[in-house]
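Novice: What follows is a predicted protein model with its sequence.
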Amino acid sequence: MLAAVAQICSTPRIKDNLHQILKLISTATAKGAKAIFFPEASDFIAENKQQALELVQPLNGEFVSEIKRAAIENKIIVSIGIHEQSSEQTRLFNTHLLINETGAIHLYRKIHLFDLNLPGNVLMESKSTIPGDGYVAPISTTVGRVGLALCYDLRFPEYSRLLQLQGMDILTYPSAFTVPTGKAHWHVLLRARAIETQSYVIAAAQYGQNTATRSTYGHALIVDPWGEIIAECDDLGLQYADIDLDKIKKIKEQMPVLDHRRTDVYSLKLC
Ligand SMILES: O=C(O)CNC(=O)[C@H](CS)NC(=O)CCC(=O)C(=O)O
């Protein structure tokens, strides 16, 4: 099964972002992809918190409705990160939608919020975002069982382990990484998550100058369950890789690390 991973540069202009996304869905479909993965905050990256509150659309608004229509029309699964309204007036959810070929939507709200205080690189996601309070068990799709996460979640192996224990073939991290943290950690963490969970990892990425003050690292990629990078974007657009569920099965048979865990010595609950 062919999967496409997207690298885009979302800006505060939702209509342009949507147009770009719909074009990429058509391109991926023409190539024969059965699933396409878009980054975190694909709907928009705002100049500031106030603008985000103004730009956000309801889940049944134009942005999600158009993507859902494209998923059905093209018979393709779409994974995409968006902002989601809450009943609270001043903060949003950072949400990952998995839309299948029939238009059914699964939704995961980011649980780990990215508050960073590096010299020259300060970001306080918790000021604008409400953390989700649960996980979604991996969703069965035609390309495999898809585990839903987002961006900064990739720094928490407890979380990917939790999804792995629920049965997962593909772990997804739609992202908008900062440039300095991306340079230092992006590839190694994504490969580690693939190796330790023996799953495909698909990490779509924001790339370039999103706003006057925000630029993102890019390097959207797909890692196979052996840890090899099998697709990587170097510019805006799509890259493709084959998702081979037999490969997962073989690796699990050859190296059954899950069976070798010593839960008598450690327990996830104690971590
Ligand atoms: O705010 C939005 O509109 C979109 N969301 C993001 O860009 C989020 C929260 S600021 N970015 C990350 O989680 C980057 C993590 C990261 O860079 C790392 O873990 O090193």
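Specialist: Received it, and whenever you're ready, just let me know what you need. The model shown is predicted, which means the values in this text are computed figures rather than measured ones.

Novice: phi, psi of whichever residue of the chain sits closest to the ligand?
Specialist: Closest contact between the chain and the ligand, by Cβ to the nearest ligand atom, is at Thr181 (3.0 Å). For every residue, glycine as well, the C-beta is placed using N, CA and C. Backbone dihedrals for Thr181, given as degrees, to the nearest 10, come out at phi -70, psi -30.

Novice: Enumerate the residues of the stretch 101-250 of the chain near the ligand.
Specialist: Along the stretch 101-250 of the chain, the residues adjacent to the ligand under the rule Cβ under 6 Å from any ligand atom are Phe114, Leu123, Glu125, Cys151, Tyr152, Arg155, Ala176, Phe177, Thr178, Thr181.

Novice: Go ahead and confirm the fourth one touches Tyr173.
Specialist: Just to be clear, that refers to Cys151. Yes - because the distance of 6.2 Å satisfies Cβ atoms under 8 Å, Cys151 is recorded as touching Tyr173.

Novice: Now restrict the residues of the stretch 101-250 of the chain next to the ligand to buried residues only.
Specialist: Taking 16 or more other Cβ atoms under 10 Å as the criterion, what is buried in those is Phe114, Leu123, Glu125, Cys151, Tyr152, Ala176, Phe177, Thr178, Thr181.

Novice: Quick check: which of those has the minimum pLDDT.
Specialist: When these are compared on pLDDT, Leu123 comes out lowest, with 90.

Novice: My impression was that that one belongs to a strand - is that right?
Specialist: Yes - per DSSP: H, G, I helix; E, B strand; the rest coil, Leu123 lies within a strand segment.

Novice: Return the residues in contact with it.
Specialist: Contact analysis of Leu123 by Cβ atoms under 8 Å, 6 or more residues apart in numbering lists Phe114, Asp115, Leu116, Thr178.

Novice: Who does it form a beta bridge with?
Specialist: Leu116 (DSSP bridges).

Novice: Equivalent analysis for Ile77, please.
Specialist: In this structure, Ile77 has the following beta-bridge partners (DSSP bridges): Ala35.
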